[in-house]
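*Asks:* Curious how this folds, go ahead:
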Amino acid sequence: MTGGSKMRTKTTINIQFRTKRTEITNQNIEKTFETLENKRKINEENVKRITEELEHGKLEDCNFVVNQKTTRENQKYRLLDGNHRYEALKRFLAAHPTYKVEILLTIYENLS
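*Replies:* Numbering: from 1, shown residues only. Sure thing, here's the model as predicted:
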């Protein structure tokens with residue numbers, strides 16, 4: 001190329017994350033997760049549908065994307081994606097307090 005133009009090269013930014021399977025119960029769900037204040041509005045129909053899938057043991061996607069937040073007092077996961085699943089899980093576990101649900105966490109750390 002002439003005229004002093006620079007060619008742009010493509011680069012990849014690699015944001016580190018890990019995955020972890022964990023069991024959620026009625027006793028630990030609110031101690032484990034923290035929701036964002038500015039989360040989008042929850043669609044009640046989606047929550048009902050997911051709750052029904054849980055009732056029938058047919059929930060195919062129970063993945064939560066979280067940002068790990070560790071303080072001196074405890075460790076919580078700030079929920080980035082999965083608000084409808086979270087609300088459905090809370091309702092399901094409140095109705096079935098002896099149940100446990102295994103979920104997959106995609107965990108990022110120190111996101112702004």
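*Asks:* Which residues belonging to stretch 25-32 are considered buried?
*Replies:* For stretch 25-32, the neighbour count (16 or more other Cβ atoms under 10 Å) marks 25-26, 29, 32 as buried. No exception for glycine: its C-beta is placed from N, CA and C like everyone else's.
*Asks:* Tell me the one of the residues you listed nearest residue 53?
*Replies:* residue 29 (17.2 Å; Cβ to Cβ).
*Asks:* Now do that closest one against residue 9, distance only.
*Replies:* Distance, residue 29 to residue 9, using Cβ to Cβ, to the nearest Å: 46 Å.
*Asks:* Residue 97 too?
*Replies:* 56 Å.
*Asks:* neighbour-wise, which of these two wins?
*Replies:* Set residue 97 next to residue 9 and count neighbours by other Cβ atoms under 10 Å: residue 97 wins out with 9 against 5.
*Asks:* The more buried one touches residue 26, doesn't it?
*Replies:* Yes: using Cβ atoms under 8 Å, residue 97 is in contact with residue 26, at 4.3 Å.
*Asks:* Thanks a lot, catch you later.
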